[in-house]
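> Fold the stuff below for me.
(chains A and B)
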2 protein chains.
Amino acid sequence: MSLLVVGSVAFDAIETPFGKTDKIIGGAATYISLSSSYFTKNVKLVAVVGGDFAKSDIEMLQKHGVNTEGLQIKENEKSFFWSGKYHNDMNSRDTLVTELNVLGTFDPILPESYQDCEYLMLGNLAPAVQKTVIERLKKRPKLIVMDTMNFWMEIAMPDLLETIKLVDVLSINDEEARQLSGEYSLVKAAKKIMELGVKTLIIKKGEHGALLFHKDQIFFAPALPLEEVFDPTGAGDTFAGGFIGYIAKTKDVSFDNMKRALIYGSAMASLCVEKFGTERLLDLSQDDVNSRVQEFIDLAQFEIKLA
Amino acid sequence: MSLLVVGSVAFDAIETPFGKTDKIIGGAATYISLSSSYFTKNVKLVAVVGGDFAKSDIEMLQKHGVNTEGLQIKENEKSFFWSGKYHNDMNSRDTLVTELNVLGTFDPILPESYQDCEYLMLGNLAPAVQKTVIERLKKRPKLIVMDTMNFWMEIAMPDLLETIKLVDVLSINDEEARQLSGEYSLVKAAKKIMELGVKTLIIKKGEHGALLFHKDQIFFAPALPLEEVFDPTGAGDTFAGGFIGYIAKTKDVSFDNMKRALIYGSAMASLCVEKFGTERLLDLSQDDVNSRVQEFIDLAQFEIKLA
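Here you go, the predicted structure:
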């Protein structure tokens, strides 16, 4: 009964209007694992890093209860590296450097002890690699959530279209939904994407919240209005980690529970952006998470009794 | 016990990607009156039109229960005229023509029978005119809501700053909030604006919903994700009309009731944009309004019990 997380574990160098970092730990699977670790202590990681990766960072993941048996270390290679600079409005960024390094030949090997996984979170990776993970699981998980990005729509659309048919929940942002569907209206985009075989769709709108689509139902989770966003890096992955972590904890894949999971994911993302990189995710308390969720309840809840 | 609505009653010519209109009835007070008429049949209008204005349009307002005793008709002048063209994304528009005409010398005369008003909605107008209305009321209404726009921040900031101190609720959009405060973050913007003497602030974010600020409390009403927006003209005024109309109907100016009013306003705005101009507001049923509010409930409501 565990949560399997697959994705990049990497180095990021980030520049925002508030400051600049050297190479710090980043990567989709890092944010997902850390975020979900606040909901379940049974997180199993599959990823690859190079010999340049710090042992202390791996220990940090382990301290959060993340099983790193599936973390491959290629001693003579270098870790995936991304560097980006955010614009003043924090809603757009320029990628300065992308070095695939070990990620270019990543073969997602699943340790035997991972075969019991009931929940699978496929962080952003080549869709063919995401598909391989699903194929290598002897028993299909109860819920498979997949994140992806526009890059794969440009260079690997056939793989992407094959893989999304195999998952339960697809998580993309608004621009990616528009690109994938060719529709500007997100309601129309969602319909077209569900016609591709996606059962449940999450469309992330950054500071404007997130939408959850399933059959004819739509749910909207707001983003928390913040005084300051220090660094949006990893917000989408942290959201995904909170979403799947909450579902793994509650063992309930109903639409009503996914609504709650969307709020928990949004709460985790709103915490993440308050500091640089993974910093804010390193030592949250249960109270920190609960108070933040309470802020979402206060923000969004109202009582209307229709006659 | 009535709702006083002050603002423009005008002609609009609108072009959107879906079509084009000749001169049709428009103006802030028109949308506000129509929208609020679904909540209270005691709407009293103060506005000015020219001799070119159609009797049938005035009758249309009357049929919706709008008292037009305070509607001045200047037979030898022309009505205010605005013409605009929306871009493909519907989020931005170019103003093609603005002819102030009768509005340039508008003196808001209040009929004696309007002096009983308990709720006052000041639609977008020169802040000095809005202030005059407040001064001409012998008894201060229970709630004064004021809408304004960036134009007045550019040419009449001192008047604007004086007037907002006299009202209870200020309603502006996100860009206007940023302009008025000099802050990009809407939370910071709201704080600064409240320091100017605004007790309750609504920040409208168009397709991204609306925020309500009061002291340390924040509430967010989502916008309904729509397949198609035909014409956003009047959406903000329709929102304001639903907001103040609901409050006038329920006679409750508490923060919790304002939250509900924000949802009703959002519901009315989401209906308005489904057709050109005021068309969709002309013959709604109570069921139409209730079903739309139910869609907002389904969209935004979740149940989380924190341990």
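> same question for stretch A:168-187, mean pLDDT?
Stretch A:168-187 shows a mean pLDDT of 96.
> okay, it in PDB with CA atoms only?
This file holds the C-alpha atoms of stretch A:168-187, laid out as PDB (Å, rounded to 0.1, in the frame of the first residue of the first chain):
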ATOM      1  CA  ASP A 168      -6.700   8.000 -14.700                       C
ATOM      2  CA  VAL A 169      -5.800  11.600 -14.200                       C
ATOM      3  CA  LEU A 170      -4.000  14.000 -16.500                       C
ATOM      4  CA  SER A 171      -2.500  17.200 -15.000                       C
ATOM      5  CA  ILE A 172      -1.500  20.000 -17.300                       C
ATOM      6  CA  ASN A 173      -1.600  23.800 -17.200                       C
ATOM      7  CA  ASP A 174      -3.900  26.100 -19.100                       C
ATOM      8  CA  GLU A 175      -1.600  26.800 -22.000                       C
ATOM      9  CA  GLU A 176      -0.800  23.100 -22.400                       C
ATOM     10  CA  ALA A 177      -4.500  22.300 -22.400                       C
ATOM     11  CA  ARG A 178      -5.000  24.900 -25.200                       C
ATOM     12  CA  GLN A 179      -2.100  23.500 -27.100                       C
ATOM     13  CA  LEU A 180      -3.200  19.800 -26.700                       C
ATOM     14  CA  SER A 181      -6.800  20.600 -27.800                       C
ATOM     15  CA  GLY A 182      -6.500  23.500 -30.200                       C
ATOM     16  CA  GLU A 183      -9.300  25.200 -28.200                       C
ATOM     17  CA  TYR A 184      -9.000  28.500 -26.400                       C
ATOM     18  CA  SER A 185     -11.900  28.000 -24.000                       C
ATOM     19  CA  LEU A 186     -10.800  25.700 -21.200                       C
ATOM     20  CA  VAL A 187     -14.300  24.100 -21.100                       C
END
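> A:Lys44 should be in a strand, yeah?
Yes - secondary structure assignment (DSSP: H, G, I helix; E, B strand; the rest coil) places A:Lys44 inside a strand.
> I'd guessed it sits against A:Val6; true?
No - the criterion here is Cβ atoms under 8 Å, and A:Lys44 misses it with A:Val6 at 9.4 Å. Using the backbone N, CA and C atoms, a C-beta is placed for each residue, glycine as well.
> More neighbours: which of these two?
A:Val6 (27 against 24; other Cβ atoms under 10 Å in any protein chain shown).
> In the beta-sheet assignment, what are the partners of the more buried one?
Per DSSP bridges, the residues bridged to A:Val6 are A:Val46, A:Leu122.
> In contact with it: list those residues for me.
By Cβ atoms under 8 Å, 6 or more residues apart in numbering or on different chains, A:Val6 lies in contact with A:29, A:45-47, A:108, A:120-123, A:125, A:129-130, A:133.
> Give me the below-cutoff pLDDT ranges for chain A.
A:1 (pLDDT under 70).
> longest helix of it?
For chain A, the helix that runs over the most residues, judged by DSSP state H, is helix A:255-272.
> Show me what counts as buried in the next helix or strand after that one.
Going down the chain from helix A:255-272, the next helix or strand is helix A:286-300, by DSSP states H and E. By neighbour count on 16 or more other Cβ atoms under 10 Å in any protein chain shown, the buried set for helix A:286-300 is A:Val289, A:Arg292, A:Val293, A:Phe296, A:Leu299, A:Ala300.
> which among these are in contact with chain B?
A:Val293, A:Leu299, A:Ala300 (Cβ under 8 Å from any Cβ of the partner chain).
> shouldn't the first one be in contact with A:Tyr264?
Yes - the pair A:Val293 and A:Tyr264 qualifies as a contact (Cβ under 8 Å) at a distance of 6.4 Å.
> Which of the three states applies to the residue of the stretch 1-150 of chain A found nearest chain B?
Residue nearest to chain B within the stretch 1-150 of chain A: A:Asp89 (6.7 Å; Cβ to the nearest Cβ). With three-state DSSP as the basis, A:Asp89 sits in coil.
> how about the residues of the stretch 1-150 of chain A near chain B?
A:Asn88, A:Asp89.
> could you show me where the helices are in the stretch 1-150 of chain A, in order?
For the stretch 1-150 of chain A, the helices defined by DSSP state H, counting those that start in this stretch occupy A:28-36, A:55-63, A:127-136, A:150-155.
> which residues does the residue nearest the centre of chain A contact?
Closest to where the C-alpha atoms of chain A average out (Cα atoms, centre = their mean) is A:Asp237, at 2.6 Å. Contacts for A:Asp237 (Cβ under 8 Å, 6+ apart) come out as A:Gly7, A:Ala28, A:Ala29, A:Thr30, A:Tyr31, A:Ile32, A:Ser35, A:Gly123, A:Asn124, A:Asp147.
> can we see that at 6 Å?
Residues in contact with A:Asp237 (Cβ atoms under 6 Å, 6 or more residues apart in numbering or on different chains) are A:Ala28, A:Tyr31, A:Ile32.
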